[in-house]
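**Student:** Quick one: sequence and predicted model below, then my questions.
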Amino acid sequence: MKYLIGGAFDPITHAHEAIIKAVSKKLRKDDQLFVLVSNTDEKNYKTPVDERIAMVNVALHARNIKAEICKQNVRTYEYIMHAFGPNDKDITIVIGEDEWKALVDGKWKFGKQLLNNYQFRVVPRSNSNGVIPGKYAEYENMKVLLGVNTEGISSSEARKIFYRNPECHYKDVKQYISKPVFEYIRKEGELTDDRDMPIKSNSLYDQNPTNYDELEKQWIENYKKQGWGKFANTVDIVGISGEEVLLIRRKKPPYMNYFCTPGGFFNPVDYINKETKLPEKADASLEHAAQREFREETSLNLPVEKFIQIKTYSHMFDPRLRIIDTAVSVKVTGKEKKLAKAGDDAKDAAWFNINELPKMGFHHEKIIEDYLNK
């Protein structure tokens, strides 16, 4: 018998591991276990499938589970046809209760072919006492896989925690994922680009590696060697729509992968950008600089008169050089809000409830606090 367990595994959770372990214990001598990591076209997975495959491999190795891990680029029935052929009926598909109900309700593509040709093991929810209700239990080719704790199966909850904080500790996500999986996600890396500047993180959930502090110090030294001055003016923008604030995730150190308010350096004169090699015009005012930076990092081009100063800051909040920073606010309409997307030095742009902010870089939490108290 060939047992197939599929999923996005984005990330692989305690419950996923428990299901795979339970099936592996039931294998007979000639049985085979396949773990299918989904990469089908209708899913826009942010985490690359090869990284998710590697993460699954780490989890199974830690539990001493032997299985063949496969990349599933097509729907389940198409995958079976390609991998095993149309005449191989010696296949059991292991799925969760919700997936089984969706399959029976006709929500799966090729669902009838699957139901007519293969065996199923359904993993019930932990609070269901192992009972599959009503019409969903009326299939001779379906058996319930009992004794599996499916609590903590929420990959989405784990992703939310990672999304809001680029320096998660294991205690923050241990209810969802195992320590080996966490360590893989936070693995150390050589964060370099063509100019030998450490600016790239691993691709898993925008988590900075455990040696990030050391890498940021190296990046700052390289930054200074490029000839940047010892003093500069910057602007930071609090973009507000209702009860939400628009934040960007930084591509580079300092505070790489942290969420921050959009912003950047004031251009006092016309110059050639050292990174893009393109000419840049001088900013006519701080408000014009805010308008430009907001447009570059969030793709929202708003009238300059909408940018209102909040406060100026001069403390040492930036490890690169001494900065005088002017914070401004700008109101964004509901129609404009939908058009926001990351650009320039931002790798992501997202709206957050102003009272439920993620982990932030620089002094930007203080900026938002000052805006609220103004």
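**Tutor:** Structure's in. What do you need?

**Student:** I figured Y79 hits S38, correct?
**Tutor:** No. The criterion here is C-beta atoms under 8 Å, and Y79 misses it with S38 at 9.4 Å. C-beta coordinates here come from the backbone N, C-alpha and C atoms, glycine included.

**Student:** Show me the common contact partners of the two, please.
**Tutor:** When contacts are counted by C-beta atoms under 8 Å, 6 or more residues apart in numbering, Y79 and S38 are jointly contacted by Q72.

**Student:** what residue ranges in the stretch 151-300 of the chain score low on pLDDT?
**Tutor:** 152-153, 189-203, 227-229, 274-275 (pLDDT under 70).

**Student:** What ranges does it have for its helices?
**Tutor:** For the stretch 151-300 of the chain, helices defined by DSSP state H, counting those that start in this stretch occupy the ranges 155-164, 170-173, 179-185, 212-225, 286-298.

**Student:** so how far is the last one from its chain's centroid?
**Tutor:** Centre-to-centre, helix 286-298 and its host chain are 26 Å apart (C-alpha atoms, centre = their mean, to the nearest Å).

**Student:** contacting residues around the very next helix or strand once past that helix?
**Tutor:** Per DSSP states H and E, the first helix or strand lying C-terminal to helix 286-298 is strand 308-313. Residues outside strand 308-313 that contact it (C-beta under 8 Å, 6+ apart): 238, 286-287, 324-330, 363, 366-367, 370-371, 374.

**Student:** can you pull the buried residues of strand 308-313?
**Tutor:** Within strand 308-313, the residues scored as buried using 16 or more other C-beta atoms under 10 Å are 310, 313.

**Student:** surely V328 meets V304?
**Tutor:** No. Contact criterion C-beta under 8 Å: V328 and V304 do not qualify, at 10.3 Å.

**Student:** Mind listing what's buried along stretch 263-283?
**Tutor:** Of the residues in stretch 263-283, those buried (16+ other C-beta under 10 Å) are 263-264, 266-267, 283.

**Student:** Comparing the helices of the stretch 151-300 of the chain, which comes out most buried?
**Tutor:** Comparing the helices of the stretch 151-300 of the chain by mean neighbour count (mean count of other C-beta atoms under 10 Å), helix 286-298 comes out on top with a mean of 22.

**Student:** quick one: that one to strand 308-313, angle?
**Tutor:** Relative orientation of helix 286-298 with respect to strand 308-313: 90 degrees, computed using axes from the mean of the first three to the mean of the last three C-alpha atoms, to 10 degrees.

**Student:** For the residue nearest to G263 when sequence neighbours are not counted, give me its contacts.
**Tutor:** Nearest non-adjacent residue to G263, counting by C-beta to C-beta, 6 or more residues apart in numbering: D236, 3.6 Å away. Residues counted as contacts of D236 (C-beta under 8 Å, 6+ apart) are 260-263, 325-328, 362, 364, 367.

**Student:** what bridges to D236?
**Tutor:** G263, A327 (DSSP bridges).

**Student:** oh, and call the first residue 55 from now on, that's how I've got it
**Tutor:** With the count now opening at 55, the last piece we talked about shows up as D290.

**Student:** That one and V323: what is the separation?
**Tutor:** Taking C-beta to C-beta, to the nearest Å as the measure, D290 falls 21 Å from V323.

**Student:** And T146, by the same measure?
**Tutor:** Using C-beta to C-beta, one gets 70 Å for the distance from T146 to V323.

**Student:** before we move on, back to that, would you format the contacts of D290 as TSV with distance to K197 included?
**Tutor:** What follows is these, written out as TSV (distance: C-beta to C-beta, whole Å):
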residue	distance to K197
C314	52
T315	54
P316	54
G317	58
D379	63
T380	66
A381	61
V382	63
F416	56
H418	54
I421	58
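
**Student:** Just the buried ones from these, in ChimeraX syntax?
**Tutor:** ChimeraX command restricting those to the buried ones, with burial defined by 16+ other C-beta under 10 Å:
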select :314,315,316,317,379,380,381,382,416,418,421
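
**Student:** ok, so of the contacts of D290, who is nearest I66?
**Tutor:** C314 (30.4 Å; C-beta to C-beta).
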